[in-house]
Structures are given as C-alpha cells and as structure tokens.
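Asks: This is a predicted model, with the sequence first.
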Amino acid sequence: MDKTKMTYFNDKDILHIVISEEKEADSIELSPNITAELNENGELIGIEILEASAFLRDSILESSQAKILNLKNAV
C-alpha cells in the first residue's frame, strides 16, 4: 500500500485523504459530506471530507469531551 497523503483545499474547505494511488472506480457516501472512494475491487483508496474544518472541530471536541467526562467519572 502506498503512503497516505492528505491535501486540504482551503478555498473550498475540502480535505482529501489518499490511501492508494489506484484509479477510483466507485464511491459511497458514508455520511453527509464524507465520501469513501473505492477501487475496482471495492477496497478503500481515499476519503473526501467536505466542510472539513467544521467536521474536524466537531470530532475533536466530541472525543475530547467524552475523554474528559470518563476521566472525571473515574476519579
């Protein structure tokens, strides 16, 4: 497998993650604004995230808050 590459398109707020340089044969919308790119064998070769800054912000906040709550409950 090739090295993973990430490209951020600031003007459109899109994060593109390339897992493999193989040709894209299909794609599946995983959730709103997140698309999985697949090769001809149906294997994941890339991910595209629209409105990436909001997605990353929300994901980081959510996981951080969950971790903080678990730490507080453990005390």
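Replies: Noted; the coordinates are in hand.
Asks: What's the local residue count around residue 57?
Replies: If you count neighbours by other Cβ atoms under 10 Å, residue 57 ends up with 10. To be clear about C-beta, it is placed using only N, CA and C from the backbone, and glycine gets the same treatment.
Asks: would it count as being in a helix?
Replies: Yes. Using DSSP: H, G, I helix; E, B strand; the rest coil, the secondary structure at residue 57 is a helix.
Asks: So it versus residue 49, what's the distance?
Replies: 12 Å (Cβ to Cβ, to the nearest Å).
Asks: Check residue 6 too.
Replies: Distance of residue 6 to residue 49, given as Cβ to Cβ: 10 Å.
Asks: Mutual contacts of those two, please.
Replies: Any residue near both residue 6 and residue 49 by Cβ atoms under 8 Å, 6 or more residues apart in numbering counts here, and that gives 15, 16, 17.
Asks: what about the helices in this protein?
Replies: 52-74 (DSSP state H).
Asks: pLDDT weak spots in it?
Replies: Applying pLDDT under 70 to the chain flags the ranges 1-2, 75.
Asks: on that earlier part again, more neighbours: which of residue 6 and residue 49?
Replies: residue 49 (22 against 11).
Asks: Next, find the distance separating the closest residue in space to that one that isn't next to it in sequence from residue 6.
Replies: Spatial nearest neighbour of residue 49, excluding adjacent residues (Cβ to Cβ, 6 or more residues apart in numbering): residue 15 at 4.4 Å. Distance, residue 15 to residue 6, by Cβ to Cβ: 7 Å.
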